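# Let me see the structure of the following:
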Amino acid sequence: MGIETPEALYGVPQGHVIAYRDHLMASGATNATIANQLSALSSLYKFLADRQHCQSNPVAGVKRPHTGAGGMGSGKTPALMPRQVRTMLDAPDTDTLAGLRDRAILHVYFYTGGRCSEPGSLKVRDFRQDGEYTVLKLTGKGDKTNTIAIHIECQIALRRYLEASGHGEERDAPLFLAVKTGRNTRGALTRQQFYRVFKRYALAVGLDVSITPHSARATFITQAYEAGIQGEDIQRTVGHSSITTTEGYNRTAKRHRKSASFGVQYS
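Numbering: from 1, shown residues only. You can find the predicted model right below:
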């Protein structure tokens, strides 16, 4: 669009946004990609308008393409069956510190539905008691915090790791530390390292290469729906701002055993 200065960016009218959307459509971009681009652009202008750099958000009111009832990316992230999750959770070697740590990381993913980066934000102090519940305080998008009461199995995995690592009393230390020999034995794990830990065990147990930490999020949401948990409670647990986003991760209705065909009778 020939934008070369901040002032030009601040003055973009709605017509330019519509032209950008139409350009994406003409170039063959999927509806999900277009909706994602417009969402990012809208976030930018909300930020600028909040700081009075522009009068309004030019993306507001621009019609976005339909992406399905579940919202952007609905149905694209594969979920796992419970037996596959169990195989992954049991894969790490618990005779080693690295194995105990990795097992705890996998439990956090599968028992909180956290985003890929969220375990990396955890400090030791974020694993604590809140009344009669044991909780984790996760930090997600926009530095928003979400305190979640966690399953007893996840609690045990975390406690076993902290007992072995010896840093359970260091409240300000990262919950998950690198396991190395020599120097720098207590460094925090990067987001890429968390991703690689998850992928290593997924591949080790024979799962498809498409399985990522985001699959744990889809799996958690699906299994919570399967267990009869209310959608609003699942939404609050995983930190979604919209219930439609949460519902988009629910793979329950997509299982063959839930096929509507099984309930049809013509006798």
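# show me what contacts the residue nearest in space to the middle of the chain?
Ranked by distance to the mean C-alpha position of the chain (C-alpha atoms, centre = their mean), the top residue is residue 115 at 2.5 Å. By C-beta atoms under 8 Å, 6 or more residues apart in numbering, the contact set of residue 115 is 140, 141, 213, 214, 217. Glycine gets a C-beta too; all of them are placed from N, C-alpha and C.
# try 10 Å
109, 121, 138-141, 191, 213-214, 216-217, 238-239 (C-beta atoms under 10 Å, 6 or more residues apart in numbering).
# Going by secondary structure, it is in what exactly?
For residue 115, there is no host helix or strand (DSSP states H and E).
# For it, report the pLDDT, please.
For residue 115, the model assigns a pLDDT of 89.
# roughly how far apart are it and residue 220?
11 Å (C-beta to C-beta, to the nearest Å).
# Spit out the residues that contact those two alike.
With C-beta under 10 Å, 6+ apart, residue 115 and residue 220 have common neighbours 109, 238.
# mind putting the contacts of residue 115 in TSV, distance to residue 102 included?
Listed next are those as TSV, based on distance: C-beta to C-beta, whole Å:
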residue	distance to residue 102
109	11
121	18
138	19
139	21
140	22
141	25
191	16
213	13
214	18
216	13
217	18
238	22
239	24
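# Would you mind listing the two of those that lie farthest apart?
191 and 238 (18.3 Å; C-beta to C-beta).
# the more surrounded of these two?
Neighbours per residue, other C-beta atoms under 10 Å: of residue 191 and residue 238, the larger number sits with residue 238, 22 against 15.
# Thought residue 111 was touching that one, still the case?
No - applying C-beta atoms under 10 Å, one finds residue 238 not in contact with residue 111, separated by 11.6 Å.
# Find residues that contact each of the two.
With C-beta under 10 Å, 6+ apart as the test, residue 238 and residue 111 both reach 148, 220.
# Check the offset of stretch 161-168 from the chain's centre.
26 Å (C-alpha atoms, centre = their mean, to the nearest Å).
# which residues sit against that stretch?
94, 96-105, 107, 124, 127, 158-159, 169-170, 173-177, 179, 186.
# Stretch 121-130 now?
104-105, 108, 114-115, 134-140, 143, 145, 147, 149-150, 154-155, 158-159, 162, 165, 167-177, 188, 191.
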